[in-house]
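1. Pasting the sequence and the predicted model now:
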Amino acid sequence: MTRSAIVGTGSALPARRVSNAELAERVDTTDDWIVERTGIRFRYIAGPDETTATLGADAASAAIAAAGLAAQDIDLIVLATATPDQTFPASATKIQAMLGIHDCVAFDVAAVCSGFLYALQVADSMIRVGAHRRALVIGAETFSRILDWDDRATCVLFGDGAGAVVLQAVADDAPNGILATRLHADGRHNGLLYVDGGPSTTGTVGKLRMKGREVFRYAVTNLAAVMTETLAVAGITSADVDWLVPHQANARILEATAKKLGLDPARVVMTVDQHANTSAASVPLALDTAVRDGRIRPGQIVVLEAMGGGFTWGAAVVRF
Ligand code: UT7
């Protein structure tokens, strides 16, 4: 029997970093409001030559290098994104071409902010059944391109970026590996966080719309529930968790969720202040940050979680 283990992480950000004060020059908002309500201080905004695929490819290259592998070792690419370069082909195939891989399986997964958790479970399952041995799981987004810059309630919250992990098949009794994943969706709430356009409806790309207060209410409940469920499947409790790497939507959601689980806030990896909400990129971006700065070490138990449009939500328990 095999399972999969995370053997390398990487991330990439656009060159341009934008502070709350810079945003306040063109949007009716203040640094104080954004920091107090969300914890966000900066976000990165992609330039014309930076796309979901270029950011995703840069993050993937960094993850492959961290794993000590070559691009040709990869036999599966799963990209989580809600902002693909084009409606089709899948941006995963553009990343594949950029990496110089000419024959592997490559496709996109759309679950918005939960996309990385969905992509992780898909790739983990494909490795468990023996179809693949080394997978790239990428979360990459350019939400700046679908923001309504006249809607202060949403445009200050999001940023662009990418994160990636390399998953490798390991024996079931290996010291490291993905111990459990759980996913959920409840489409009754798909009108609370959505884009008001698309190829089959308006024929346009559309702009992001969100009823923030309602989303906030569901987020804490759903995230605490799915983490409790996933920890139980892994056969451990929150006392065993070394690090929580949550979706970075709002510092207040992160704090409330950790509290509900009885987790020490010092064990929560928080990057929302630096990156804002990067949707599917936020979990792997935060994970790579904490791996590279030495917080996450081999043997430790790490919990990943996210919730987003749909609603979709999920969690994973990983031993590094
Ligand atoms: O990644 C997917 C998951 N997404 C989330 O988890 C987002 C969840 N929601 C949230 O994080 C919060 O609901 C927000 C940060 C979006 C909003 O915080 P809030 O405390 O729920 O504020 P609110 O929307 O209820 O707005 C409060 C006030 C309003 O003014 P009035 O009506 O009280 O006079 C807004 O007009 O704040 C005003 N406001 C702003 N003021 C300055 C809204 N946006 C801004 C802004 N700057 N950018």
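-> Thanks, I have it.
2. Which residues are in contact with whichever residue of the chain sits closest to the ligand?
-> The nearest approach of the chain to the ligand comes at residue 212, 2.8 Å away (CB to the nearest ligand atom). Just so you know, the C-beta spots here come from the backbone N, C-alpha and C atoms, and that holds for glycine as well. Contact analysis of residue 212 by CB atoms under 8 Å, 6 or more residues apart in numbering lists 153, 154, 157.
3. got a winner among those for most neighbours?
-> residue 157 (22 neighbours; other CB atoms under 10 Å).
4. ok, what's across the strand from the closest residue in space to that one that isn't next to it in sequence?
-> Closest residue to residue 157 apart from its sequence neighbours, by CB to CB, 6 or more residues apart in numbering: residue 277 at 5.2 Å. Beta bridges link residue 277 to residue 158 when assigned by DSSP bridges.
5. Roughly how far does residue 277 sit from residue 212?
-> Relative to residue 212, residue 277 is positioned 11 Å away (criterion: CB to CB, to the nearest Å).
6. Residue 96 too?
-> Residue 96 is 36 Å from residue 212, by CB to CB.
7. give me the number of residues near residue 88?
-> By other CB under 10 Å, 10 other residues sit near residue 88.
8. Pipe the contacts of residue 212 into a markdown table and attach pLDDT per row.
-> Below are the contacts of residue 212 laid out as a markdown table (pLDDT from 0 to 100):
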| residue | pLDDT |
| --- | --- |
| 153 | 98 |
| 154 | 98 |
| 157 | 98 |
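9. Tell me the one among those nearest to residue 314.
-> Closest to residue 314 out of the contacts of residue 212 is residue 157 (21.0 Å), distances taken as CB to CB.
10. who touches that closest one in this structure?
-> Residue 157 touches 38, 40, 212, 249, 250, 276, 277, counting by CB under 8 Å, 6+ apart.
11. thinking the last one is in contact with residue 156, fair?
-> No - using CB atoms under 8 Å, residue 277 and residue 156 do not qualify as a contacting pair, with a distance of 10.0 Å.
12. can I see the domain layout of this protein?
-> Split into domains by automatic domain parsing, the chain comes to 2-171, 177-319.
13. where does the stretch 201-320 of the chain come near the ligand, residue by residue?
-> 212, 213, 215, 216, 219, 249, 250, 253, 277, 308 (CB under 6 Å from any ligand atom).
14. Now do the SS call for the second one.
-> What that stands for is residue 213. Using DSSP: H, G, I helix; E, B strand; the rest coil, the structure places residue 213 in helix.
15. pLDDT at it, what is it?
-> We have a pLDDT of 94 for residue 213.
16. what does the model give the closest residue to residue 187 other than its chain neighbours for pLDDT?
-> Distances taken as CB to CB, 6+ apart put residue 310 closest to residue 187, at 6.3 Å, once the chain neighbours are dropped. Note on residue 310: pLDDT of 97.
17. For residue 310, list the residues it contacts.
-> Residue 310 sits next to 111, 112, 114, 185, 186, 187, 189, 190, 193 when contact means CB under 8 Å, 6+ apart.
18. just residue 133 next, same as before
-> Contacts of residue 133 (CB under 8 Å, 6+ apart): 75, 127, 168, 169.
19. which one of those residues sits closest to residue 32?
-> Taking CB to CB as the measure, residue 32 lies nearest residue 168 of the contacts of residue 133, at 45.7 Å.
20. Now name the helix or strand holding the closest one.
-> Remark: residue 168 resides in strand 160-171, with elements defined by DSSP states H and E.
21. The next helix or strand after that strand: which residues count as buried?
-> Counting by DSSP H and E, the element after strand 160-171 in chain order, helix or strand, is strand 177-185. Buried residues in strand 177-185, counted by 16 or more other CB atoms under 10 Å: 177, 178, 179, 180, 181, 182, 183, 184.
22. re the thing from before, among the residues of the stretch 201-320 of the chain next to the ligand, who's most crowded?
-> That'd be residue 249 among these, by other CB under 10 Å, with 28 neighbours.
23. and after the lowest-mean-pLDDT helix or strand in the chain, which helix or strand comes next?
-> Lowest mean confidence among the helices and strands of the chain (mean pLDDT, DSSP states H and E): helix 251-261, at a mean of 93. Proceeding N to C from helix 251-261, the next assigned helix or strand is helix 272-275, under DSSP H and E.
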